[in-house]
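[1] generate a structure from the sequence data that follows.
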Amino acid sequence: MKQAIPFLLAAFFCTQFACNHKPDAAKVNDPELLSWFPSTATADTLRFEVQTGGDADTTKIIPSRLLFSSLDTALQRQFEAVTDTTEAVVVGKSRYVLNENFDACLLEVHQFWFRFQMLLLYDKQHHAFTDLVNVAQWYGGDGGQILTGSWLFDYDGDGEKDLVLRQIEHSMRVSEEGEPIESTVENGSLLLWKNGKFVESPSANSAELVKRFPIGAPW
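    Residues are numbered from 1 along each chain as shown. As a prediction, the model looks like this:
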């Protein structure tokens, strides 16, 4: 019995050591898509906006097959609802830490002269992408354009980063007299971080957000 005791103790400590020194799951299970987003320090406030003109950086273009194989059906549909995926070029921009459990991967979409920026949310505990949020856009046609920008910061002071979205809709039409009529409509919305996602706040004051968070327009 005395000889068995050291063996049992050694087995116990070996078992405990193995349990407390498991391989880093993130290194084993993180999807390949994450490698296209370089980690970037997260400032107190991040500003997202698209630059008009210019081509996509060909060294950072994410292969379409890799992108869509990394997203579930719901996220694929969200992406396809924004742009024509057959014509789009997707670029990996940055990866930010949102909180202990989530990162945000910034991707930029180039389609013709259209530009879109989106945050692809990544759950670090479950090693999976969970949501896609539009944070900046610039698109439209001869009759009108839409410009969107956003700010990522702790809006309500709860320690979690939220999103303020700003949008300008610009249009041109011709009156019955043949005179051009230009119109611009601005609005703002607030998305608060709740239960692992950004949720639009129904109580946000759009006019106040428009005044507090101005965005410049190219027209």
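
[2] I'd like the average pLDDT over stretch 160-169.
    Averaged across stretch 160-169, the pLDDT comes to 97.

[3] show me the contact partners of it.
    42, 98-99, 133, 135, 144-156, 184-193, 198, 209-210, 213-215, 217 (Cβ atoms under 8 Å, 6 or more residues apart in numbering). Heads up, the C-betas are built off the backbone N, CA and C, glycines and all.

[4] from memory residue 129 sits against residue 32, does it?
    No. When contacts are counted by Cβ atoms under 8 Å, residue 129 is not listed as touching residue 32 (11.9 Å).

[5] what is in contact with those two at once?
    residue 70.

[6] neighbour count winner among those two?
    residue 129 (19 against 10; other Cβ atoms under 10 Å).

[7] mind giving me the packing neighbours of the helix or strand in which residue 211 is found?
    Per DSSP states H and E: residue 211 is located in helix 206-212. If contacts are counted by 3 or more Cβ pairs under 8 Å, 6 or more residues apart in numbering; DSSP states H and E, helix 206-212 sits against strand 162-174, strand 180-194.

[8] just the CA trace of it, in PDB.
    Extracted C-alpha coordinates of helix 206-212, given in PDB (Å, rounded to 0.1, in the frame of the first residue of the first chain):
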ATOM      1  CA  SER A 206     -32.100  61.700 -33.800                       C
ATOM      2  CA  ALA A 207     -32.000  65.500 -34.000                       C
ATOM      3  CA  GLU A 208     -29.600  65.700 -31.000                       C
ATOM      4  CA  LEU A 209     -27.300  63.000 -32.500                       C
ATOM      5  CA  VAL A 210     -27.300  64.900 -35.800                       C
ATOM      6  CA  LYS A 211     -26.200  68.100 -34.000                       C
ATOM      7  CA  ARG A 212     -23.600  66.400 -31.700                       C
END
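
[9] with that, I have no additional questions.
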